[in-house]
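Asker: Sharing a model prediction with you, sequence too.
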Amino acid sequence: MASAFGHALLGATLGYLLLPARPNRPWWLLAAACAVLPDADVVGFKLGVAYDSLWGHRGLTHSVLAALVLASGLVLLVRLFRPGSAPPRLRLWLLLFLATASHGVLDAMTTGGLGVAFLSPWEPHRYFFGFRPIQVSPIGVKRFAGAAALRVLRSEAVWVGIPCLVLLLGKRVFGSPQANTAG
């Protein structure tokens, strides 16, 4: 898996790209949380869930279905509890879906693990992309330390951080009429 840092960075970046106004910052944080959330399945290791099972790591929680359900559920909750303060429903849904789905995309680009069950529960096959430059992160806080952490963070700085920075700068330069008309 990629680290929580890489996942959160991509989620927050998507938040800025889709909801760039300053009052939307809380939604960026929610997107960052959605991008990290699929790794809650690691609790299964403590409960004896087999890695390659439906409920195992990179299984159902990393699927497109999970991203659809989470985004839909969160948008429904937002509409129920904060009806006047949320961004447009479709845009918020798209953000939360993409942020959650981005988790599996990054994990499928890592150098380890069993792959990602994108089509779970209908298809148990786990997938990796042909391009896998991101160093796999050790599972667990205790293992994510020292040289292992530096190796992962260095890899994510290049393969997640730089693309996010390019997208953010591109949005800033080309994304607003003020940027294009300023002299």
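Answerer: Happy to help now that I have it.

Asker: where does the residue nearest the centre of the chain sit relative to residue 70, distance-wise?
Answerer: In the chain, the C-alpha nearest the mean C-alpha coordinate belongs to residue 35, at 2.7 Å (CA atoms, centre = their mean). For residue 35, the distance to residue 70 equals 11 Å [CB to CB, to the nearest Å]. From N, CA and C alone the C-beta is placed, and that goes for glycine too.

Asker: go on, residue 167?
Answerer: 23 Å.

Asker: more neighbours, these two?
Answerer: Between residue 167 and residue 70, residue 70 has the larger neighbour count (other CB atoms under 10 Å), namely 19 against 16.

Asker: per-residue confidence at that one?
Answerer: For residue 70, the model assigns a pLDDT of 98.

Asker: Identify the residues contacting it.
Answerer: 34, 37, 96, 97, 100 (CB atoms under 8 Å, 6 or more residues apart in numbering).

Asker: from memory the third one sits against residue 35, does it?
Answerer: When you say that, I think you mean residue 96. No: Residue 96 lies out of contact with residue 35 (CB atoms under 8 Å); the separation is 9.5 Å.

Asker: OK, contacts around residue 123?
Answerer: Residues in contact with residue 123 (CB under 8 Å, 6+ apart) are residue 117.

Asker: Next, count neighbours for residue 31.
Answerer: Using other CB under 10 Å, the number of residues around residue 31 comes to 30.

Asker: Please disregard the earlier target; I meant residue 89.
Answerer: Residue 89 sits with 12 neighbouring residues when counted by other CB under 10 Å.

Asker: do the same with residue 14
Answerer: Counted with other CB under 10 Å, the neighbours of residue 14 add up to 25.

Asker: if I look at it, how far off is residue 159?
Answerer: Using CB to CB, we find residue 14 at a distance of 16 Å from residue 159.

Asker: State the distance from the residue nearest to residue 148 when sequence neighbours are not counted to residue 5.
Answerer: Nearest residue to residue 148 in three dimensions, chain neighbours excluded: residue 138, at 5.2 Å (CB to CB, 6 or more residues apart in numbering). Distance, residue 138 to residue 5, by CB to CB: 13 Å.
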